[in-house]
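**Student:** Quick one, what's the 3D model for this:
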Amino acid sequence: MPALFDSLPPIYRSLLPQTFETNVADESKATCSNCAMCSSNRQSLPGEDSTFFEPNVKCCTFHPSLPNFLVGAILADSSVNKETGRNRIQEKLASRIGVTPYGIAAPAKYTMLYGNTREFFGRSRAMRCPYYVDEGGGLCSIWAYREAVCSTYFCKHVAGADGRRFWMSLKSYLALIEQQLSRYAIFKLYPEYLLTGRHPADPPARKLDREELEDLPPSEKTYSRLWESWTGMEREFFIECHQLVSSLKEEEVRDILGIDGEISLTSMKKNLRDMQAPRLPEKLKINQDLTLKWLTTGEVVLGAYSELDALALPASAFPLLQEFRGDQTVSEVRQKLRSEKQTDFADEV
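**Tutor:** All right, here's what the predicted structure looks like:
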């Protein structure tokens, strides 16, 4: 089984605690090179075509916001096999769109579309990640330096809801690390940017200006005010951010994250334990948010924790599931099913 560190950019190996040496089950139900959500890899269900992903898009309908130290890591990596990703980042720097001392963010126009567009995920090429490459079945050109969302997203989880809960808590922890280590690097290299409070890490929602609407860079005046003496030296700034962060020790990172880091890490550890040692609660009842689809094949498809990972059972099984009302223990209900219906469910179900 892979270690948690294997799910993260290599820079984190010297920065994060021993917990990340823990082995976790491979998320084998979610595959990148042979996408499990593309129609060619799934048995078609009636009326389900709209849930398939496009093979030249997959789940890459997302524009990551890269923290400054990961941008610097990409630019500093001169490996031949990283050339495409390095070129994409350099194009971003040249465009100046979304380029701030915090890193390279999704353009404001993209963010607005992402939050106000329906049924695009996994299907719209217009929303495809700018770092996606078509070669090799559709891969990421900056995978070794991916950010929190891309490190932790899976369309399906081997451990079901427990798995999703763990990976979501890991995403929150990594997002905190990205924000705080970016701020640390800025404070060391360009403290005026933080001390004047001109540009928060998470700016409030606002309307687009003309440049953003037309995919134009900010005005020279606006951009120069943003970067001041670093204007024209953004590449050097990001590389220095990478050098600063990569030289930190684990205990220094812990101090930078503070109590928020301790809380987030503790929550992640709990979810990790729950994922690795799943158990049936003493009592169960039908999830009120359960979705049902009755098929002409004589099956019923049940979805709860994720619409992308449903469970198909014989239609006759659903009335049996309704016997779980939360007023008896699981063992009592199962004993009743065995004695009265001559049937039972596997623990996995």
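**Student:** quick one, helices of the stretch 201-349 of the chain?
**Tutor:** Taking DSSP state H, counting those that start in this stretch as the criterion, the stretch 201-349 of the chain carries its helices at 210-213, 220-227, 234-246, 250-276, 317-321, 330-341.
**Student:** among the ones you listed, which is the most enclosed?
**Tutor:** Most buried of the helices of the stretch 201-349 of the chain by mean neighbour count (mean count of other C-beta atoms under 10 Å) is helix 234-246; its value is a mean of 21. Every C-beta, even on glycine, is put in place using the N, C-alpha and C of the backbone.
**Student:** just for the stretch 201-349 of the chain, where's the confidence low?
**Tutor:** By pLDDT under 70, the low-scoring segments of the stretch 201-349 of the chain are 201-205.
**Student:** the helices in the stretch 51-200 of the chain, which residues?
**Tutor:** All helices of the stretch 51-200 of the chain, identified by DSSP H, counting those that start in this stretch, fall at 68-76, 83-95, 108-115, 148-152, 160-189, 191-195.
**Student:** Could you find the closest non-adjacent residue to Q276?
**Tutor:** Using C-beta to C-beta, 6 or more residues apart in numbering and skipping residues adjacent in sequence, the residue nearest Q276 is V24, 7.3 Å away.
**Student:** pretty sure that neighbour is touching L4, no?
**Tutor:** Yes - with the criterion set as C-beta atoms under 8 Å, V24 and L4 qualify as a contacting pair; they are 5.8 Å apart.
**Student:** List the buried residues in stretch 288-302.
**Tutor:** Judged by neighbour count (16 or more other C-beta atoms under 10 Å), stretch 288-302 contains these buried residues: 299-302.
**Student:** from these, which two are the most distant?
**Tutor:** Across the buried residues of stretch 288-302, the two members that end up farthest from each other (C-beta to C-beta) are E299 and L302, 9.8 Å apart.
**Student:** Need the residues touching each of these two.
**Tutor:** Contact with both E299 and L302 is made by residues 312-313, according to C-beta atoms under 8 Å, 6 or more residues apart in numbering.
**Student:** could you redo the helices of the stretch 201-349 of the chain as a markdown table and give each row distance to G115?
**Tutor:** Conversion of the helices of the stretch 201-349 of the chain to a markdown table gives the following (distance: least, C-beta to C-beta, whole Å):
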| stretch | distance to G115 |
| --- | --- |
| helix 210-213 | 14 |
| helix 220-227 | 24 |
| helix 234-246 | 27 |
| helix 250-276 | 24 |
| helix 317-321 | 36 |
| helix 330-341 | 41 |
